[in-house]
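**Student:** I would like the atomic coordinates for the input below:
(4 chains)
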Protein chains: 2
Amino acid sequence: MNVEERIKTSEEIPLERRTIIHIMLVANNINEKLAIALKPFDISIQQFNVLRILRGQNGKPANLSTLNKRMVSKMSNTTRLVDKLILKGYVERHTCPSNRRKVEINITSKGLDRLLKMDDVVSKTETEILDQFSEYELKQLNLLLNQFKL
Amino acid sequence: MNVEERIKTSEEIPLERRTIIHIMLVANNINEKLAIALKPFDISIQQFNVLRILRGQNGKPANLSTLNKRMVSKMSNTTRLVDKLILKGYVERHTCPSNRRKVEINITSKGLDRLLKMDDVVSKTETEILDQFSEYELKQLNLLLNQFKL
DNA sequence: CAATTACATTTGTATATACAAATATTGTAA
DNA sequence: TTACAATATTTGTATATACAAATGTAATTG
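**Tutor:** Numbers count the residues shown, from 1 in each chain, chains lettered A, B, ... in the order given. This next block holds a predicted model:
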């Protein structure tokens, strides 16, 4: 299905507008697929993303602002996102001893364990999403995307 | 800023995962810029999108399921989105006389008028987002994006 | 034509997100 | 050392979104 079919328009869309709509459609589709893949784990993409960041810390605790900076979708309430992960037992939060304004957030062994299982379905989904692309094409795509400001 | 800088990771990201993160980052950034551009009009991107669809109908009313099918981000509550546009006086809703299960939604002249002003800032924003790209590159990008299922 | 199924939208409820204001802590400068 | 500014997080509130159930209408079928 191409862009025009998807949004059911007969009029020609200017190239710039079409490009932006195209990216949005692709991103929404990817989001949807990842959300479905994570659904059995009862976790949102953002929560998954935070768990991955925490694992990447290799035991070194992260504080809220660090998480916020590193998240793919920066959202305005990382506190409550972390609250939910704590409720699930996937992370722990302590106030930072050296600077009591900060908090230190760590992934628990339960969190690591669940994350390992999520990795499988997410990797599989990522592969499915991109299975039409050759390695060369993926590199081309990344090169083009590099021109966007992030 | 590249992907690794943006998410502040030192580890190398596998090409597939990197591509998906890349698209997400770009899409989030575009969303943010468009939302800021539309902010003065006190309207969300989705609401703007619906107004554009209605204008494209050229007077022919649209019903909810049509809107839902054509929206870039399909969302699960087009009723309430339309409610908000009605509240602002940008659209009208009547039950369809030929099939009273359906509703007929039209853009008002006030809606058309506002939309015209929004077009300006949105077009300007779109151009800003894509100003690094040559026409050839935009075409290349669209060709690559075509390989995604929508 | 009564009962059932399908269709189109709306409503209820839970959760998510955005934004601003509040709180708590630390750093700094007169 | 007190007052003020800067930093980090949390909380309040409004709005947005997802999902399921409910409502109302039309079509179908025995």
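
**Student:** can you give me the strands for chain A?
**Tutor:** A:91-95, A:103-107 (DSSP state E).

**Student:** for the ones you listed, which one sits closest to A:Leu64?
**Tutor:** strand A:103-107 (5.9 Å; C-beta to C-beta). Any C-beta I mention is one placed from the backbone N, CA and C, and that applies to glycine too.

**Student:** Is that closest one in proximity to DNA strand C?
**Tutor:** No: Strand A:103-107 lies out of reach of DNA strand C by C-beta under 7 Å from any atom of the strand, never closer than 10.8 Å.

**Student:** looking at the strands of chain A, which is buried most?
**Tutor:** Of all those, strand A:103-107 has the most neighbours on average by mean count of other C-beta atoms under 10 Å in any protein chain shown, namely a mean of 20.

**Student:** could I get the strands of chain A as JSON lines with distance to DNA strand D and mean pLDDT?
**Tutor:** Output for the strands of chain A, formatted as JSON lines (distance: least, C-beta to the nearest atom of the strand, whole Å; pLDDT from 0 to 100):
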{"stretch": "strand A:91-95", "distance to DNA strand D": "6", "mean pLDDT": "94"}
{"stretch": "strand A:103-107", "distance to DNA strand D": "5", "mean pLDDT": "95"}
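
**Student:** The ones you listed into a markdown table, with extra columns for distance to B:Gly89?
**Tutor:** A markdown table is the format used below for the strands of chain A (distance: least, C-beta to C-beta, whole Å):
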| stretch | distance to B:Gly89 |
| --- | --- |
| strand A:91-95 | 46 |
| strand A:103-107 | 46 |
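
**Student:** Quick one: mean pLDDT over the lengthiest helix in chain A.
**Tutor:** Longest helix in chain A, counting residues (DSSP state H): helix A:15-38. For helix A:15-38, the mean pLDDT works out to 95.

**Student:** contacts for it?
**Tutor:** Under the contact criterion C-beta atoms under 8 Å, 6 or more residues apart in numbering or on different chains, helix A:15-38 has outside partners A:3, A:6-7, A:13, A:44-45, A:48, A:118, A:121-122, A:124-125, A:128-129, B:20, B:23-24, B:26-28, B:30-31, B:72-74, B:123, B:126-127, B:129-130, B:133, B:135, B:138-139, B:141-142, B:145, B:148-150.

**Student:** Drop anything exposed from those.
**Tutor:** Buried members of the contacts of helix A:15-38, counted by 16 or more other C-beta atoms under 10 Å in any protein chain shown: A:3, A:6-7, A:45, A:48, A:118, A:121-122, A:125, A:129, B:20, B:23-24, B:26-28, B:30-31, B:72, B:126, B:129-130, B:133, B:138, B:141-142, B:145, B:148.

**Student:** In chain A, what residue spans correspond to helices?
**Tutor:** Counting by DSSP H, chain A has these helices, from start to end: A:3-7, A:15-38, A:45-56, A:64-70, A:78-87, A:109-129, A:135-145.

**Student:** does the third one come close to DNA strand D?
**Tutor:** In other words, helix A:45-56. No: Helix A:45-56 is not in contact with DNA strand D by C-beta under 7 Å from any atom of the strand; minimum separation 11.1 Å.

**Student:** Could I get the contacting residues of A:Gly89?
**Tutor:** With contacts taken as C-beta under 8 Å, 6+ apart, A:Gly89 has the following neighbours: A:Thr108, A:Lys110, A:Gly111.

**Student:** and the residue nearest to the last one when sequence neighbours are not counted, how far is that from DNA strand C?
**Tutor:** The shortest distance from A:Gly111 to any residue other than its chain neighbours is 3.3 Å, reached at A:Tyr90 (C-beta to C-beta, 6 or more residues apart in numbering or on different chains). Using C-beta to the nearest atom of the strand, to the nearest Å, A:Tyr90 is found at 13 Å from DNA strand C.

**Student:** Could you do A:Leu81 as well?
**Tutor:** Taken as C-beta to the nearest atom of the strand, the span from A:Leu81 to DNA strand C is 6 Å.
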